[in-house]
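Novice: got a predicted model here, sequence first, then my questions.
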Amino acid sequence: MLAEIITIGDEILIGQIVDTNSAWMARELNLIGITVKQVSSVSDNADHIMEALQLAEKRADIILITGGLGPTKDDITKITMAKYFNMGFRRDQETLDHVTDIFVRFNKPMIEMNRKQADVPDGCRVIKNKNGTAPCMWFEERGKIFVSMPGVPFEMMYLMTEEIIPRLKNAFKLPFITHKTILTANIGESFLAVEIEDIEDSLPEHIKLAYLPKLGQIRLRLSATGTDEVALKAEVEAYAQQIISRVKKYVVIDEDVALEKAMLDIMEANELTLSTAESCTGGYIAHLITQHPGCSSVYAGGAVTYSNALKMSVLGVQAETLDIYGAVSEQTVKEMAYGARVHFKTDYAVAVSGVAGPDGGSDEKPVGTVWIAVANQHHVIARLFNFSNRRIQNIERSAIAALAMVLNELKQDVV
């Protein structure tokens with residue numbers, strides 16, 4: 001079963017907002033066995049919308065549209081849909097009562113423009129939007145299903161979860177789809193592909209392997225489609241274990257979670273704590289960690305010690321170390337990690353110091369030179385990384401490398 005998503009709005013095409021709706025819908029549709037064939041974004045122009053609908057109807061069984069359903073003149077989706085299906089309009093009483101109730105509750109005057117929110121193409125089925133005034137419209141025409149929803153994310157998500165997905169599951173006999181994700185770090189995509197090439201070549205037609213690279217890490221996603229859920233999951237798991245066994249030293253976790261979440265889960269399960277000492281990453285590691293609810297059970301906190309003075313006063317780095325070896329060195333970063341663990345009283349600490357760029361490098365330590373250290377009660381280890389000359393990428397890669405080093409230590413100590 002194929003679906004296509006159309007997002008409508010000039011604000012998307014000029015970059016004023018990011019289209020997060022399509023990614024969310026595609027993920028939810030995939031979970032119920034519906035494959036998204038294409039995602040299109042079009043302007044608030046009737047001809048463009050009509051053309052997008054025509055093309056989508058040729059390619060997909062289900063066409064999901066978001067945006068352009070507000071009360072203002074630039075919201076033309078409803079009018080265009082009526083024209084596309086050669087329909088007139090009717091005023092839907094349930095929608096009108098719902099809109100009226102909203103304005104009464106907020107003690108706001110209701111004008112004709114607001115009442116027109118209840119005007120819908122007379123051939124559609126109206127689905128009540130409990131979170132807004134714009135109704136959702138369901139069309140079944142020419143053997144296809146078209147659904148027009150508001151573009152406001154929380155309105156769309158409610159409608160998809162509570163109304164659209166249950167109706168699609170009832171309307172079609174959908175296959176079962178299962179995914180298995182393996183998170184790897186510290187290996188390039190091409191090198192990883194060579195390592196598991198024979199396993200990938202042996203996959204049957206109904207199982208696909210995707211490489212999902214991100215700075216410093218790669219997700220391997222096995223996806224399988226079939227009718228027997230139990231057998232399919234067992235088959236995918238068997239191939240996953242082959243891959244994990246082959247590239248074990250690069251595997252972080254065999255779940256679809258963020259690198260830092262995998263680390264937090266392991267540490268929480270073992271009642272371990274962590275602190276951070278950051279220089280070139282400027283608090284980015286702390287940001288990655290603290291975006292996850294419940295991180296306080298593991299993460300005690302940290303320090304951004306950008307200057308040498310703070311490295312000494314906050315972390316206890318020796319002045320002689322900085323004078324002899326410099327801030328970007330194995331010796332300094334080890335003392336940073338040790339100082340963070342001792343002063344912040346945690347089981348583990350990770351420290352980063354480097355030349356993020358685009359300037360500040362030297363022949364000995366060019367831009368992209370980064371030292372990372374991890375300390376625990378037994379030892380302090382450090383590793384040198386050589387990244388690019390691009391500042392933001394260096395910060396992100398350094399953070400990922402730091403988290404991966406902590407995970408590697410955890411795997412040796414507790415896993």
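Specialist: Okay, I see it.
Novice: flag the shaky bits of the protein, pLDDT-wise.
Specialist: Within the chain, the ranges that satisfy pLDDT under 70 run 415.
Novice: which helix in it has the most residues?
Specialist: As assigned by DSSP state H, the longest helix anywhere in the chain is helix 391-413.
Novice: restrict it to CA atoms and write it as CSV.
Specialist: Extracted in CSV, the C-alpha atoms of helix 391-413 (Å, rounded to 0.1, in the frame of the first residue of the first chain):
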residue,chain,number,x,y,z
ARG,A,391,33.8,24.5,13.4
ILE,A,392,30.2,23.3,13.9
GLN,A,393,31.0,19.8,12.5
ASN,A,394,34.1,19.6,14.8
ILE,A,395,32.0,20.4,17.8
GLU,A,396,29.4,17.8,17.0
ARG,A,397,31.9,15.2,16.0
SER,A,398,33.9,15.8,19.2
ALA,A,399,30.7,15.4,21.3
ILE,A,400,29.8,12.1,19.6
ALA,A,401,33.3,10.8,19.9
ALA,A,402,33.4,11.7,23.6
LEU,A,403,30.1,9.8,24.3
ALA,A,404,31.3,6.8,22.3
MET,A,405,34.5,6.7,24.4
VAL,A,406,32.4,6.7,27.6
LEU,A,407,30.3,3.9,26.1
ASN,A,408,33.4,1.9,25.2
GLU,A,409,34.6,2.1,28.8
LEU,A,410,31.2,1.1,30.1
LYS,A,411,31.2,-1.9,27.9
GLN,A,412,34.5,-3.1,29.3
ASP,A,413,33.6,-2.3,32.9
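Novice: what distance separates that helix from the centre of its chain?
Specialist: 19 Å (CA atoms, centre = their mean, to the nearest Å).
Novice: next one: stretch 157-177
Specialist: Chain-centre distance of stretch 157-177: 22 Å, with CA atoms, centre = their mean.
Novice: how about residues contacting that stretch?
Specialist: 1, 24-25, 28-34, 61-62, 64, 127, 129-131, 136, 138, 145, 147, 149-150, 223-229, 232 (CB atoms under 8 Å, 6 or more residues apart in numbering). Heads up, the C-betas are built off the backbone N, CA and C, glycines and all.
Novice: make it 6 Å
Specialist: 1, 32-33, 127, 131, 136, 147, 149, 225-226, 229 (CB atoms under 6 Å, 6 or more residues apart in numbering).
Novice: and for stretch 341-349?
Specialist: 272-275, 300, 337, 340, 375-376.
Novice: repeat the analysis, applying 7 Å as the threshold.
Specialist: Stretch 341-349 is contacted from outside by 272-277, 300-301, 315-316, 337, 340, 374-377, 406, using CB atoms under 7 Å, 6 or more residues apart in numbering.
Novice: give me the buried entries from those.
Specialist: Using 16 or more other CB atoms under 10 Å as the burial test, these include 272-277, 300, 315, 337, 340, 374-376, 406 as buried.
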